[in-house]
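Participant: sequence-free structure coming up:
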């Protein structure tokens, strides 16, 4: 099977692997990002980090905190703060739906990935619940057993 049109035009810039390790991902949403020109150029060079970043809803708008975009190397004097708060673009009804879910449970909004879709910068934000230490240990044990099974299958086929 081939890729769909949207998958063909999707260029992943950065992923938050730590979030996938530390949280149970419940729902995923796509949002646009309000960026300045030199930030877009830095994104195209993959100079972005989502580590320790999170999203919050403030006054009915969605904002992304602690997303580090390194300054563009060929920019002029107009430097921007690499960790400035970035506004995320999403429909008001979606934001209200997310806000109601955040108020009900002990959930948080975590950015999962940053990518370009048809030349527009997008962020995949997820409703997530924090994993306990015990849950992380179980995940590591499960992955280790899966690796062991794959190894034995590989050796068995020889």
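Facilitator: Sure, I can see it. Note that the structure is a prediction, hence the values are computed from the model and not measured. Numbering: from 1, shown residues only.
Participant: quick check: mean pLDDT across the helix ranked longest in the chain?
Facilitator: If you go by DSSP state H, the chain has its longest helix at helix 133-157. Helix 133-157 shows a mean pLDDT of 84.
Participant: ok, now how distant is residue 64 from residue 153?
Facilitator: Taking Cβ to Cβ, to the nearest Å as the measure, residue 64 and residue 153 are separated by 42 Å. C-beta: built from backbone N, CA, C; applies to glycine.
Participant: how many other residues sit next to residue 127?
Facilitator: Neighbour count for residue 127, taken as other Cβ atoms under 10 Å: 20.
Participant: show me what the strand or helix carrying it packs onto, helices and strands only.
Facilitator: Taking DSSP states H and E as the definition, residue 127 sits inside strand 120-130. Packing partners of strand 120-130 (3 or more Cβ pairs under 8 Å, 6 or more residues apart in numbering; DSSP states H and E): helix 17-22, strand 23-33, strand 61-65, helix 92-104, strand 108-117.
Participant: what packs against the first one?
Facilitator: Packed against helix 17-22, as judged by 3+ Cβ pairs under 8 Å, 6+ apart, are the following elements: strand 108-117, strand 120-130, helix 133-157.
Participant: and the angle from the shortest one to strand 61-65?
Facilitator: In other words, strand 108-117. Note on geometry: by axes from the mean of the first three to the mean of the last three Cα atoms, to 10 degrees, strand 108-117 and strand 61-65 are set 90 degrees apart in direction.
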